[in-house]
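Asks: Mind folding the following:
(2 chains)
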Number of protein chains: 2
Amino acid sequence: MFDAAELGHHIDKAAYKAAVAPLREALLDLQYEMKQMPEGKAFPVVILIDGLDGAGKGETVNLLNEWMDPRLIHTHAFGDRSDREQERPEMWRYWLALPPKGRIGIMFGSWYSEPMNKRVTGSISTARLDQAIDGINRFERMLCSEGVLLLKFWFHLTYDAQKKRLDELQADPNTRWRVRPIDRKNLERHAKIRRVAEHVLHRTSSAQAPWLVVDGSDPYYRALTVGEMLKSRIALRLQGPTYAGADVAPLTPPLDGRYLLDSLQLNQTLESADYAVALEKWQGRLARLVRSDAFRSHSVVAVFEGHDAAGKGGAIRRISAALDARQYRVVPIAAPTEEERAQPYLWRFWRQLPPRGQVTIFDRSWYGRVLVERVEGFCPEADWMRAYEEINDFERQLCAKGIILVKFWLAIDKDEQLRRFEEREATGFKRYKITPEDWRNREKWDQYAIAIHDMVDRTGSTEHPWTLVEANNKRYARIKVLKVLCEAIEGKIGRSS
Amino acid sequence: MFDAAELGHHIDKAAYKAAVAPLREALLDLQYEMKQMPEGKAFPVVILIDGLDGAGKGETVNLLNEWMDPRLIHTHAFGDRSDREQERPEMWRYWLALPPKGRIGIMFGSWYSEPMNKRVTGSISTARLDQAIDGINRFERMLCSEGVLLLKFWFHLTYDAQKKRLDELQADPNTRWRVRPIDRKNLERHAKIRRVAEHVLHRTSSAQAPWLVVDGSDPYYRALTVGEMLKSRIALRLQGPTYAGADVAPLTPPLDGRYLLDSLQLNQTLESADYAVALEKWQGRLARLVRSDAFRSHSVVAVFEGHDAAGKGGAIRRISAALDARQYRVVPIAAPTEEERAQPYLWRFWRQLPPRGQVTIFDRSWYGRVLVERVEGFCPEADWMRAYEEINDFERQLCAKGIILVKFWLAIDKDEQLRRFEEREATGFKRYKITPEDWRNREKWDQYAIAIHDMVDRTGSTEHPWTLVEANNKRYARIKVLKVLCEAIEGKIGRSS
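Replies: Okay, the predicted model is just below:
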């Protein structure tokens, strides 16, 4: 959920200056257009500004008011509850703050703050938090059904970035007052807040109102990200949704073009001799782990996704070589059969779930929904957008049952792919592995890059993380896969002797 | 939720026989039509059969298989979990039991049984139950988005009817085996099961997949109710929804035409002298209650709905007469203003919520959404259908905050209404109270009867029940209102001295 916001996004001052003037003009135009919509078509915009201290929430709220016509904006900051707020149901103050149709409401600290704070300080249990989440989901569904355009921004910082930010504020006598003791305390519990936020954001990201996590470390980047998103969503909505509450929030790629896969150093190396030693070591460790008594009450689901020719098959074979044939199954996923098409799309994966003590390896998986089906347009946007939620829900159920879930993305670069394609075509026994479809997919490399980025960002979490594997070197990739798999099992059942 | 199913519905044998043959033929035709739909339009039907022991669940499942082509029906009975089921996530066995497109799946004992049983036996808390409910809602939303037509039947019996049924089964040597010890035990905890079921059904009734509560006491009635519902829903769906997952389940009136208001004896009487005594007594009691210390941490929301000319205003004045003007407010609800139309429909009620120690009386209310807006077509079916959920959610939030919520429906019959209309027209100072609209509403009496029935049935509960007030006699109605209000307050703060 936060990986993409931790890439160190950046936009330089000149690019920012160049972008701001036309953005402001466009936003103003949109505001007037919103205001002039006839009653049946008018809609309000609700913007939630939430996130970590020092991540630029306040600055962004000020900026939005500066950029746009503030007479058409209702800004509300929610802090401790007044007496009259305490006497009413929790949601009362938010209801009263809703902007009317044709206006924009900015909620600085929203209905998310209280339940999250209570969970972070331990005053409520996870089950109680989930009850609050359920209430929030009902409320937001109602808002969307009533035609509200709801935009949810979460301002994120890494621990280091947050510490740096607070230190800077404190060092300057003019801004020292802004660092409250609670901000320091929250820095100390950064990891806990991140975990609770991930829990909440995962469960409240919907196709209609997904969270947009904003890297708060660069003021230009975060300001433009919010402004551009606001512009594109209002413009889209002004064209009219096909039916009430049906508009799906389009995902937008990072403004600075930095994708998650870009952060990888694909050319890791591993010499042949070192590889042989490492392979023996990790295969042996895996073999002992899955034969241990402790493993009998667990099972493994391993997901392999990756670029075409990235070496999924080879990596899978290095795993299966360590296993007893009765203990594992490799499930290759191709286009669905007629039987599978007659069922909800997750059905064919549900029925492959392993019993205890078993390993199931998916060679491609349910992620096809948000990769090939998205890029090729095999299903409507509304369907693949809801898939993020549904997949997270599915994987949570696996983890809750003690299933050890590992997910690998094997990444190669475009040149390496070309080299492998040509090698496959030149080598007789490899020729069956290359098809015209592979060449067609390759032409859509950039579209896939966006889809992969969104997939990893929206379905990765502490509980079921993605492992991005640098795979230009096959030996390196295979060892990394084995190692991560072993460590994931050990994380659940402890180190085997 | 269960009131309408406790009216003692009945269909006699002759009427049943006459209805069954054409129903079977229609169902068979629909099955073949479903089967022949082209792949892009085909859909599966999932029927949940849940409810109390002895309410005819098994008989209904058998009957459906007998009436229709069983080759196109997949019936699954879920009991204790097998080993292989225990090794997988909870929902695994239900996923595997999903029928393919073009087929009907009957789930006898569904994903609801386990969490409900666990709550009834106290092995999970309400918060944990709510987590399970959240999972169920996510699952069912996914099914509907994937095009599944989901029908949920809850077979209900009153305690007396359930006891009678078990006694009958036990008395006959041929059926004695069907009464298990657990059935007797469940009879003992009938009230508890009813409470948990109400909690769950309220939170899982959606516009797309609302619960249909079936009176299980009459075999003919329950069989025809399920069969006719199945027929109408499949037929409607075959015409095609406007978009995936968008079809709203139409509510159907009870087959035997017995509505909730029909159960009332409207001609209760109260003599003038008795009225004067009772009025003094209850107004005095109310006055003491709202002035007590204990009341300072509570507040009252009183909702008045009823037929035109049923005496809402008079009843409200008998309450306000007992109160200090600073302590109460009467909020008359008419057509929404422009300001109110620019907000979600519940907004104008949220902002009228009283602070502690205060009484707010709504003369008409949020129920206009499912009454006048439904009958007059002021909003689309999808909007008023989701209003039941949203209203229940709203009222739960009031109760959770300690607000004492009382809801009155003042009922008169059609003759009494005519008498009062004519009297109003004849009496100078009452003439302002009667408008052409009242006469127009009167013409839609029967449509309102259905809307009232559905409203009371779908928004009444133990926590926030409807009080149906027999109001042909104004004196009787006023005293009943005062009494119920006093007792509701006493239920929360205890009897005042």
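Asks: Most proximal residue of the stretch 251-400 of chain A with respect to chain B?
Replies: Closest residue of the stretch 251-400 of chain A to chain B, Cβ to the nearest Cβ: A:A342 (3.6 Å). The C-beta positions use only the backbone N, C-alpha and C, and glycine is treated the same way.
Asks: Ramachandran angles for that residue?
Replies: phi -80, psi 10 (degrees, to the nearest 10).
Asks: number of nearby residues for it?
Replies: A:A342 is flanked by 19 other residues according to other Cβ atoms under 10 Å in any protein chain shown.
Asks: surely it meets B:E146?
Replies: No. A:A342 is beyond contact range of B:E146, at 10.7 Å (criterion: Cβ atoms under 8 Å).
Asks: any idea what sits nearest the residue of the stretch 251-400 of chain A closest to chain B, other than its immediate chain neighbours?
Replies: Once flanking residues are discounted, A:A342 sits nearest to B:P100: 3.6 Å by Cβ to Cβ, 6 or more residues apart in numbering or on different chains.
Asks: Phi first, then psi, for that neighbour.
Replies: According to degrees, to the nearest 10, B:P100 has phi -70, psi 170.
Asks: what about A:L201, helix or strand, and which?
Replies: Per DSSP states H and E, A:L201 falls inside helix A:190-204.
Asks: Buried residues, that helix. List them.
Replies: Within helix A:190-204, the residues that count as buried by 16 or more other Cβ atoms under 10 Å in any protein chain shown are A:190, A:193-204.
Asks: List just the nearest of those to chain B.
Replies: A:R203 (8.3 Å).
Asks: part of a helix, is A:P99?
Replies: No. Assigned with DSSP: H, G, I helix; E, B strand; the rest coil, A:P99 falls outside any helix and is coil.
Asks: hmm, back to that, next, find the distance separating the residue of the stretch 251-400 of chain A closest to chain B from A:E390.
Replies: 18 Å (Cβ to Cβ, to the nearest Å).
Asks: For the stretch 101-250 of chain A, which segments are assigned as helices?
Replies: Using DSSP state H, counting those that start in this stretch, the helices found in the stretch 101-250 of chain A span residues A:113-120, A:126-145, A:159-171, A:181-188, A:190-204, A:219-238.
Asks: out of these, which comes closest to chain B?
Replies: The nearest among those, by Cβ to the nearest Cβ, is helix A:126-145 at 3.8 Å.
Asks: Let's test this: mean pLDDT of the closest one, rounded?
Replies: The average pLDDT within helix A:126-145 is 93.
Asks: for that helix, packing partners?
Replies: Using 3 or more Cβ pairs under 8 Å, 6 or more residues apart in numbering or on different chains; DSSP states H and E, the elements in contact with helix A:126-145 are helix A:113-120, strand A:149-156, helix A:190-204, helix B:126-145, helix B:381-400.
Asks: quick one: contacts of the top helix by length along chain A?
Replies: When chain A is parsed with DSSP state H, its longest helix is helix A:13-35. By Cβ atoms under 8 Å, 6 or more residues apart in numbering or on different chains, the surrounding residues in contact with helix A:13-35 are A:11, A:42-43, A:45, A:67-69, A:72, A:102-104, A:220, A:223-224, A:227-228, A:230-231, A:234-235, A:238.
Asks: Whichever of these end up buried, select them in PyMOL.
Replies: To isolate the buried members of those in PyMOL, using 16+ other Cβ under 10 Å:
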select buried, chain A and resi 11+42+43+45+67+68+72+102+103+104+220+223+224+227+228+230+231+234
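Asks: near chain B too, which of the contacts of helix A:13-35?
Replies: Here is what survives when the contacts of helix A:13-35 are matched to chain B using Cβ under 8 Å from any Cβ of the partner chain: A:42, A:102.
Asks: which parts of the longest helix of chain A are buried?
Replies: Across helix A:13-35, burial judged by 16+ other Cβ under 10 Å covers A:16, A:19-20, A:23-24, A:26-27, A:30-31, A:34.
Asks: Next: stretch A:407-424.
Replies: Result for stretch A:407-424 [16+ other Cβ under 10 Å]: buried residues A:407-413, A:416-417, A:420-421, A:424.
Asks: how about stretch A:331-347: buried residues?
Replies: Quick answer for stretch A:331-347 (16+ other Cβ under 10 Å): A:333, A:340-347.
Asks: and which of those is nearest B:G284?
Replies: A:P344 (62.0 Å; Cβ to Cβ).
Asks: And the pLDDT for the closest one?
Replies: Per-residue confidence (pLDDT) for A:P344: 93.
Asks: What's the separation between the residue of chain A positioned farthest from its centre and A:A310?
Replies: The centre of chain A is farthest from one residue, A:G428, which by Cα atoms, centre = their mean lies 40.9 Å away. Distance from A:G428 to A:A310, counting by Cβ to Cβ: 22 Å.
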